[in-house]
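*Asks:* Build me a structure from this.
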Amino acid sequence: MKPLNIAVLHGANGDSPDERDTRDTSKAICRALKRQGHRAWLAHVKGPLLTLPWVAEDRPGLVFNMVEAIDNDITRAAEVPLLLERLGIPFTGCGATAQSATLSKTGQKRLMALNGLPTPAWSQSGAGLAGHQQVIVKSVSEHASLGIDAQSVVPGGQAAGEITRREARFGGAFFAEAYIRGREFNLSLLETAEGVQVLPPAEILFEEFPDDVPRIVDYAAKWDETSHSYHHTPRRFDFPARDNALLNRLEALARRAWHVFGIKGYARVDFRVDDASQPWVLEVNTNPCLAPDAGFAAAAEQARVSFDTLIAHLAEIALTAPDKDSHHVPHPQDS
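*Replies:* Here you go, the predicted model:
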């Protein structure tokens, strides 16, 4: 690929751990692109997104889209691909339609149900979950495990009350879904010229967790270096032969999710697997963390794809892919 003028675009403007991570990751991507011979520079997006002021002065040949929120509002993230599509500027990742379809976790679940993807039972209000021994209460739109801690897992009959408490504490909308006791897997997917490639699957291990602490990747596990869970939730890529059938099933479901949501570029699908080896799709992330030490890069490394090669590939596939939203998000009648 010939050298390009590439803007690495992000919307992080706060000092929370996840926003610092977005800025650090954007800088790492800039460095990787420069090592490939490109002119790469950081650009920040904020305010009403009617235009991108720097486009008129220094129109990029490509935007590496790292925007997860605008002015701390994650529901506005799809405004970026929509504007770039209108401006005719190629960009990495999903188009506006696919990103819009994944911004709401409850919206994702409705689409999963319509298309036969197994996902845990859930409720926006908490009603109807009393029959479940345990549920987990989550934010509808926030990522990075914001608002999730050990107390997020409660008996099903307490779901409504916990939703109310979480909304009062953190703001925004929360919902509850059945808590799946068992194993947790992340499958990273990468677009190639031959179609979507599923990178080696990762399992999150929960080491030395007390019996009364739920085995979840909560906010502390991701961001609090002083916490027990931060140091005791490693990922692994090596599996015994007895897991082959399960891993094949996870791969098939991940591929199905890719097509159901009309994803382009790259994504991650998160699963829980219950004690009966039944997989459940938790969510589809169309903008997973690309930090050099994060799960996506680790999965690529397992496939012998270095970080610099991964970043270069994402840029190249964005330039060669057809129009991002040349297809619609499918429904059952399309299958």
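
*Asks:* Now do the helix or strand harbouring residue 85, average pLDDT.
*Replies:* Following DSSP states H and E, the helix or strand that holds residue 85 is helix 79-87. Per-residue pLDDT values across helix 79-87 average out to 92.

*Asks:* same question, stretch 92-101
*Replies:* Per-residue pLDDT values across stretch 92-101 average out to 93.

*Asks:* Check the offset of that stretch from the chain's centre.
*Replies:* Here the centre of mass of C-alpha atoms in stretch 92-101, compared against the chain's by CA atoms, centre = their mean, to the nearest Å, lies 12 Å away.

*Asks:* which residues sit against it?
*Replies:* Stretch 92-101 has contacts (CB atoms under 8 Å, 6 or more residues apart in numbering) with 62-65, 77-79, 81-82, 85, 102, 107-108, 111, 261-267, 286-287, 314-315, 317-318, 323-325, 328-329. Backbone N, C-alpha and C define where each C-beta goes, glycine included.

*Asks:* before we move on, the earlier item: just list what the helix holding residue 85 packs against, helices and strands only.
*Replies:* Packing partners of helix 79-87 (3 or more CB pairs under 8 Å, 6 or more residues apart in numbering; DSSP states H and E): strand 62-65, helix 96-102.

*Asks:* and among the ones you listed, the most buried is which?
*Replies:* Among the helices and strands packed on helix 79-87, strand 62-65 has the highest mean neighbour count (mean count of other CB atoms under 10 Å), at a mean of 26.

*Asks:* Select the helix or strand of this protein having the lowest average pLDDT value.
*Replies:* helix 53-57 (a mean of 76; mean pLDDT, DSSP states H and E).

*Asks:* distance between that helix and the chain's centre?
*Replies:* 29 Å.

*Asks:* list the buried ones in that helix?
*Replies:* Buried residues in helix 53-57, counting neighbours by 16 or more other CB atoms under 10 Å, are found at residue 55.

*Asks:* what's the answer for stretch 243-256, then?
*Replies:* Of the residues in stretch 243-256, those buried (16+ other CB under 10 Å) are 243, 246-247, 250-251, 253-256.

*Asks:* Using TSV, lay out these together with distance to residue 139 and secondary structure.
*Replies:* Formatted as TSV, the entries for the buried residues of stretch 243-256 read as follows, by distance: CB to CB, whole Å; DSSP: H, G, I helix; E, B strand; the rest coil:
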residue	distance to residue 139	secondary structure
243	31	helix
246	29	helix
247	29	helix
250	25	helix
251	28	helix
253	24	helix
254	23	helix
255	27	helix
256	25	helix
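
*Asks:* which one of the residues you listed is nearest residue 204?
*Replies:* Within the set of the buried residues of stretch 243-256, residue 250 lies nearest residue 204; the separation is 13.2 Å, counting by CB to CB.

*Asks:* State the distance from that closest one to residue 114.
*Replies:* As defined by CB to CB, to the nearest Å, residue 250 lies at a distance of 21 Å from residue 114.

*Asks:* Ok, residue 210 next?
*Replies:* When distance is defined by CB to CB, residue 210 is 39 Å away from residue 114.

*Asks:* For the helix or strand encompassing residue 267, name the packing helices and strands.
*Replies:* Per DSSP H and E: residue 267 is located in strand 266-273. Judged by 3+ CB pairs under 8 Å, 6+ apart, strand 266-273 is in contact with strand 183-192, helix 244-260, strand 279-285, helix 295-302.

*Asks:* returning to that earlier point: list only those of the contacts of stretch 92-101 flagged as buried.
*Replies:* So, by 16+ other CB under 10 Å, the buried ones in these are 62-65, 77-79, 81-82, 85, 102, 108, 111, 261-267, 286-287, 314-315, 317-318, 324-325, 329.

*Asks:* about what we covered before: could you dump the helices and strands packed on strand 266-273 to a markdown table with mean pLDDT and distance to residue 227?
*Replies:* Below are those laid out as a markdown table (pLDDT from 0 to 100; distance: least, CB to CB, whole Å):
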| stretch | mean pLDDT | distance to residue 227 |
| --- | --- | --- |
| strand 183-192 | 97 | 17 |
| helix 244-260 | 98 | 28 |
| strand 279-285 | 97 | 21 |
| helix 295-302 | 97 | 18 |
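
*Asks:* what's the closest of those to residue 229?
*Replies:* When the helices and strands packed on strand 266-273 are ranked by proximity to residue 229, the top entry is strand 183-192, at 12.4 Å, counting by CB to CB.

*Asks:* Kindly calculate the angle that the closest one makes with helix 295-302.
*Replies:* Using axes from the mean of the first three to the mean of the last three CA atoms, to 10 degrees, the inter-axis angle of strand 183-192 relative to helix 295-302 is 70 degrees.

*Asks:* in strand 183-192, what's buried?
*Replies:* In terms of neighbour count (16+ other CB under 10 Å), strand 183-192 has its buried residues at 183-191.
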